[in-house]
Each structure stands twice: as structure tokens, then as C-alpha cells.
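**Student:** what would the 3D arrangement of this be:
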Amino acid sequence: MTEQHLLTQRTARFYTIGLPSDAVTDLWLVCHGYGQLARYFLRHFAPLDNGRTVIVAPEAFSRFYLDGFSGRVGATWMTKEDRLAEIDDQAAYLNLLLQTQLQQLPAHVRVTIVGFSQGGATVSRWLASGAAPVHRLILWAASFPEDIDFTSGKAAFTNLPVAIVYGTQDEFITPESLLKKQQLMADLSINPRIYTFEGSHTLHAETLLKVGAEL
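**Tutor:** All right, here's what the predicted structure looks like:
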């Protein structure tokens, strides 16, 4: 048996808040976590809607029923199956999405990337390719992936402001996992700013605005 691959076109779905105009100063591209859908995830970023910001939420290609064979649907960026092809497809998807948005916006616009939970690993792998013009990275309740290519990926994070944000009651964040994440980032010469809030595995409007203003 021989495994083979065929490159095909896919229809990607994404949602936006804000309209492109000459007044826009900021573009946020925000990636959801496991089992979420982009239209619901994007609602958490409504506090950023100030007339000068466009927020774009891409949705992962793979959708599935969250419970059984019907009902609520979620999406996932990848599984362990055929993961290298999935990573390449994600990078192509996010690069194209970012390019199409930047073509509609002023040349000086600041680009902020947010990865929540599983979306954090997704955007980290994407940025490690070095192809995206990004000014800030926010990893929210997210693990920095251990499989980052340290040879080519290091340059992509050089001088890139990075924030790690998590809730103090987040069941997925332990002192051990946080220390491991920080060590991985140190290997890439990343010195992140760390923000916490009282809460669990979720976003937090007040903290979101604070990180956006300070990072």
C-alpha cells in the first residue's frame, strides 16, 4: 500500500467585524480553539470594534459533531493524522486570508495574531514559516508547540512582541506546562509578557483590551 497526496481546492469560511477603510489602523486575525466555530468565537472580540480595527476569524477546515451524529458542530485545525500536510494547508490558507485582508487596508496597518487554545499552536506553526507580516502575537490559553522548526522558525519570532494570556482557573494550564512553554520560547529568544485573569479556559474582555493596549 502506498500513501499519496492530491492537492485540491477548498472553500474556507471566515467571519469579520469592522469594515476596511482608510481609517483602519489595526488588523486582528484570531484563530479559535478545538471544537469551536469562528462565528461564535469572534463575538469575544466585539470590544475591539472601535471603527479603526478589523477583526477576522478564520474557521478550521475540519468540522465534526460535538456529540454523536447530530446536533452542535465544532471545528478542529488538525489531528495527529497526516499532520504535516495539515500544517502546510493551514499555512497556505492563513497566508492567503491575510494577504486578501491587507490588500483592502492601508499600508501602515498593524497586524495582531491571536491563537486561542488549539489555535495557538496553529498560528505558531504558521508564523514559524516566516512568510506572514505580523507585528504582535497573542497566545491565549495556548501551548507553544514543541515541534516548531528551531532552524527556520527562530528568525520569524525575532523582535516580535508576544503575550501569553491565561485564566488562573484554567484546567489546561499547570505550573509545569507553563514552565515548559516558557522554556521553548526562550529557545527561540522570545521573552513574552504574561497576563492572567480570574477565570477558566476562556477569553476575558477586560484583559483582551489591556493586552491590546499594552503589547
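
**Student:** show me where the chain has helices.
**Tutor:** Ranges of helices in the chain, per DSSP state H, are 38-41, 83-102, 118-128, 150-156, 175-187, 205-214.

**Student:** just put those in JSON lines and tack on mean pLDDT, mean neighbour count and distance to Arg63.
**Tutor:** For the C-beta atoms, the positions are set from N, CA and C on the backbone; glycine is no exception. Output for these, formatted as JSON lines (pLDDT from 0 to 100; neighbours: other CB atoms under 10 Å; distance: least, CB to CB, whole Å):
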{"stretch": "helix 38-41", "mean pLDDT": "98", "mean neighbour count": "16", "distance to Arg63": "11"}
{"stretch": "helix 83-102", "mean pLDDT": "93", "mean neighbour count": "16", "distance to Arg63": "14"}
{"stretch": "helix 118-128", "mean pLDDT": "93", "mean neighbour count": "25", "distance to Arg63": "14"}
{"stretch": "helix 150-156", "mean pLDDT": "68", "mean neighbour count": "14", "distance to Arg63": "29"}
{"stretch": "helix 175-187", "mean pLDDT": "84", "mean neighbour count": "13", "distance to Arg63": "28"}
{"stretch": "helix 205-214", "mean pLDDT": "97", "mean neighbour count": "15", "distance to Arg63": "26"}
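
**Student:** and the ones you listed: which comes nearest Asp67?
**Tutor:** With CB to CB as the criterion, Asp67 lies closest to helix 38-41 of the helices of the chain, at 16.2 Å.

**Student:** identify the residues contacting the closest one?
**Tutor:** Residues from elsewhere that reach helix 38-41 (CB atoms under 8 Å, 6 or more residues apart in numbering): Arg13, Phe14, Tyr15, Val30, His32, Gly33, Ala57, Pro58, Glu59, Ala75, Phe116.

**Student:** residue closest to the middle of the chain?
**Tutor:** In the chain, the C-alpha closest to the average C-alpha coordinate belongs to Gly115, at a distance of 2.5 Å (CA atoms, centre = their mean).

**Student:** contacts only, for that residue.
**Tutor:** Under the criterion of CB under 8 Å, 6+ apart, the neighbours of Gly115 are Cys31, Ala121, Thr122, Val123, Ser124, Leu137, Ile138, Leu139, Trp140, Ala142.

**Student:** which residue, other than its chain neighbours, is closest to the last one?
**Tutor:** It stands for Ala142. On the basis of CB to CB, 6 or more residues apart in numbering, the spatially nearest residue to Ala142 that is not a chain neighbour turns out to be Gly120, at 2.1 Å.
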